[in-house]
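**Q** Quick one, fold the following:
(2 chains)
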2 protein chains.
Amino acid sequence: MAIIVQKYGGSSVADADKIKNVARRVAATKEQGNDVVVVVSAMGKTTDNLIALANEITDQPSDREMDVLLSTGELVSSTIMAMALREMGHPAISLSGAQAGIRTSTKYSRAQILSVDAERIEKEFTKGHIVIVAGFQGITQNMDITTLGRGGSDTTAVALAVELKAKICEIYTDVEGVYTSDPRIVPDARKLKDIGYEEMLEMASYGASVMHSRAVELGELYQMPIQVAASHNSNPGTIIHGGTPMEISNKVRGIAHDMNVAKITVVGVPDKPGVATSIFEPLTEAGISVDTIVQNSSIGRIADLTFTVNKNDIDKAMKVVEPVVKAIGAESCESDTKLGKVSVIGSGMQSAPGYASTMFKCLFEAGVNIELITTSEIRITCIIAEDKVADAVRALHKAFELETA
Amino acid sequence: MAIIVQKYGGSSVADADKIKNVARRVAATKEQGNDVVVVVSAMGKTTDNLIALANEITDQPSDREMDVLLSTGELVSSTIMAMALREMGHPAISLSGAQAGIRTSTKYSRAQILSVDAERIEKEFTKGHIVIVAGFQGITQNMDITTLGRGGSDTTAVALAVELKAKICEIYTDVEGVYTSDPRIVPDARKLKDIGYEEMLEMASYGASVMHSRAVELGELYQMPIQVAASHNSNPGTIIHGGTPMEISNKVRGIAHDMNVAKITVVGVPDKPGVATSIFEPLTEAGISVDTIVQNSSIGRIADLTFTVNKNDIDKAMKVVEPVVKAIGAESCESDTKLGKVSVIGSGMQSAPGYASTMFKCLFEAGVNIELITTSEIRITCIIAEDKVADAVRALHKAFELETA
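**A** As a prediction, this is how the structure comes out:
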């Protein structure tokens, strides 16, 4: 008997009708002869409402209390899902993160899973139960409730799948899978049958919001196949795995993009040790995540240092950087918030040259000016003007022939 | 340093403002140099809303799932209360029933507390924390969540007070204490400074809805003093205890009443063994609680059997009883739903005669006809016409001079 872990997000369990719909899918999986674990997120806007309630009391709620508060959202959806399955004649039981054996660090609001003790789940399997687990939550050694932060329920699902040696971890969401590019921008974007973990990580980190990187990383670490598919139809989704891709490899797999990019340039940075630290340490302390960093070659003694941040962080970042500019004796600093990012991703790229030149030529021909370039082994990213992103994505999709498998 | 346990009901924590108000009261108690445990119910209509959600899925939700679902209501209010105290600068921490060490039986929806392990609470005390405990809930040996049923949060509070050897358990509610009678009926009803456990139990069982009997019984068993007072002002409430009453003893303490009484009379019951069982066993099986039972003296072979039930149960009860009447060869059965109950309560009554005759004379003079009479050592109850109950309560309050201490 195979074990299958399924995860359903908040919009898939937003009301009673949607929960009944999901219950039918779960029941079908059970009836095919599998042991099934279902991980659920909180229903629809529940989490937002709980945060609003806390904000009526305080601007700075304690992380520990906030975690207990938010964890109730998934407890509610897990019990309602269990009730829906029982109503359909399928024995089901809900378990909290604690009961499901999700042991975490004590870092409230973004706890790490340390281990999973699947004893209780296995006991429920022997009773023929479908097990519904409240996602996004765990418990510390001290018996305190934690939440796992962004992508938490996906991470719960993959961690359980790993511990239970599941056949597959299925992530059901409101998109049908991983596409060669965003179908809202590229009408002939194609759903991928499968994709490698590393490729998926680059896609997730560079703008494709299908799944949070964290759960993909966990899947990669333990080589757990993950399927991303829609909860509202039964079309085949995309399988994320580490094996040889079923489709032709050695090829670009997708074009990711991100509109949420701002750039800061520190002009005339003196060539002294410790200058980079003076700039980036206060940014880290302010909780601002810096993405691309480029320093132009400093043959002389003066260089320009450019880096990108999330657009929402730009005002905060400038406030941090401006006094530093004076302190280190740089000339000035400038910001540009009208930027975006376009990335070409594919594990084939690491062994074959020519992808970069194809990309640059394509962008040139499409009239897109490149501001910054960064690369990894399986990705090339260009920072470009925000209003050119859609054109760039479409041009690249065509240039790399992604509309055909 | 004394330990004080305070419990606040759902209407006292119904919204953010009320929670802040309660937090100020809790903080004051802490500032007076006490270690404080606060037990909270779910906010306002939360429990009703959760039940409605479950009913969208099924008419018969599993008790186990329902208990997890409902337990989230108290988790939410406990975290919000902890946040409110922290916002006021008072270190506070919320604990679930499980974390607070409330171990229960496995009887979902009406679990019994088996033991309390106060280790975690005591640890929080050493850190100077005010401890907020989610009421109404506990955990089984198997780590399953249970709820305690009616009066659950009061019971949580008293059980914690007992285990912690608290100085007192304070129950804050929307009434100011225990009155000699219902102030809505008797304008000069007087708030009692104190009352004995047994007297309070009779008051609670016979219509005074201040506190559930169950928590009072637990208080009596361990001689834990309980104060009932208002959460919206700081007037002194009523102390329920087992010591010598501060006020004059040997006296009627209060008049309780209940409008919710219906009577069934089985006419012409043959004098055969097992007849009573034939009638009451099916009622018990149908979940109908029978209160007073009276059989008139059967010198001949035929008797009338009369008993009372909750008015809401009368149709169901008649459906159960009618076939039994035929089966046992009784003549007929009749019901009367226009009844009420008035009770005179006081521990002084057990050693002094004359209370009964004073009561009957008073009712006679007030033109109230008595249908049935039952007594305990410290209570005399008369079943009377519903529309005479208010008059009867006022007349008895005056006859026993309850307006003066």
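**Q** what does the stretch 51-200 of chain A have sitting close to chain B?
**A** A:53-54, A:56-58, A:60-62, A:64-66, A:68-69, A:71-72, A:75-76, A:78-80, A:82-84, A:86-87, A:93-94, A:96, A:98-99, A:120, A:143-145 (Cβ under 8 Å from any Cβ of the partner chain). Any C-beta I mention is one placed from the backbone N, CA and C, and that applies to glycine too.
**Q** among the residues you listed, which are in helices?
**A** A:53-54, A:56-57, A:64-66, A:68-69, A:71-72, A:75-76, A:78-80, A:82-84, A:86-87, A:120 (DSSP state H).
**Q** Narrow these to those that are buried.
**A** A:53-54, A:57, A:64-66, A:68-69, A:71-72, A:75-76, A:78-80, A:82-84, A:86-87, A:120 (16 or more other Cβ atoms under 10 Å in any protein chain shown).
**Q** how about A:R86, what does it touch?
**A** A:A92, B:T58, B:S62, B:E65 (Cβ atoms under 8 Å, 6 or more residues apart in numbering or on different chains).
**Q** Repeat that for A:N260.
**A** Counting by Cβ under 8 Å, 6+ apart, A:N260 touches A:N310, A:K311, A:N312, A:G340.
**Q** Would you point out the most distant pair within the residues you listed?
**A** Pairwise distances across these peak at 14.4 Å for A:N312 and A:G340 (criterion: Cβ to Cβ).
**Q** Of the two, which one has the most company?
**A** Counted by other Cβ atoms under 10 Å in any protein chain shown, A:N312 and A:G340 do not tie: A:G340 has more neighbours, with 23 against 12.
**Q** so which helix or strand takes in the nearest residue to that one once chain neighbours are set aside?
**A** Among residues not flanking A:G340 along the chain, A:V389 sits closest, at 3.8 Å (Cβ to Cβ, 6 or more residues apart in numbering or on different chains). Take DSSP states H and E as the rule and A:V389 turns out to sit in helix A:389-399.
**Q** Which helix or strand contains A:R103?
**A** Per DSSP H and E: strand A:102-104 holds A:R103.
**Q** How about A:F360?
**A** helix A:355-365.
**Q** burial measure for the nearest residue to A:Q112 once chain neighbours are set aside, as a count.
**A** Nearest non-adjacent residue to A:Q112, counting by Cβ to Cβ, 6+ apart: A:S105, 4.5 Å away. Number of residues near A:S105 (other Cβ under 10 Å) recorded here: 15.
**Q** Give me the phi and psi for A:N260.
**A** phi -100, psi 50 (degrees, to the nearest 10).
**Q** quick one: it from A:D387, how far?
**A** Using Cβ to Cβ, to the nearest Å, A:N260 is found at 14 Å from A:D387.
**Q** And for A:G274?
**A** Distance, A:G274 to A:D387, using Cβ to Cβ: 38 Å.
**Q** okay, now A:E199: neighbour count?
**A** Per other Cβ under 10 Å, the neighbour tally for A:E199 reads 25.
**Q** likewise A:N49?
**A** Residues contacting A:N49 under the criterion other Cβ under 10 Å number 13.
**Q** what are the phi and psi angles of it?
**A** Per degrees, to the nearest 10, the backbone of A:N49 is at phi -70, psi -40.
**Q** Which pLDDT value belongs to it?
**A** The model reports A:N49 with a pLDDT of 95.
**Q** Please apply the same query to the one 3 residues further on.
**A** Per-residue confidence for A:A52 comes out at a pLDDT of 96.
**Q** Can you find the helix or strand in chain A with the smallest mean pLDDT?
**A** When each helix and strand of chain A is scored by mean pLDDT, DSSP states H and E, strand A:290-295 comes last, with a mean of 82.
**Q** mind listing what A:A390 touches?
**A** So A:A390 contacts A:I185 (Cβ under 8 Å, 6+ apart).
**Q** if we can go back for a sec, now, which of the contacts of A:N260 sits nearest A:I113?
**A** Nearest member of the contacts of A:N260 to A:I113, counting by Cβ to Cβ, is A:N310, at 25.9 Å.
**Q** the helices in chain A, which residues?
**A** Counting by DSSP H, the helices of chain A are A:16-31, A:46-57, A:63-87, A:119-126, A:152-163, A:197-205, A:213-221, A:275-285, A:314-328, A:355-365, A:389-399.
**Q** Please name the nearest non-neighbouring residue to the residue nearest the centre of chain A.
**A** Nearest to the mean C-alpha position of chain A, counting by Cα atoms, centre = their mean, stands A:H212 at 1.6 Å. With sequence-adjacent residues excluded and distances taken as Cβ to Cβ, 6+ apart, A:H212 is closest to A:G151, at 2.4 Å.
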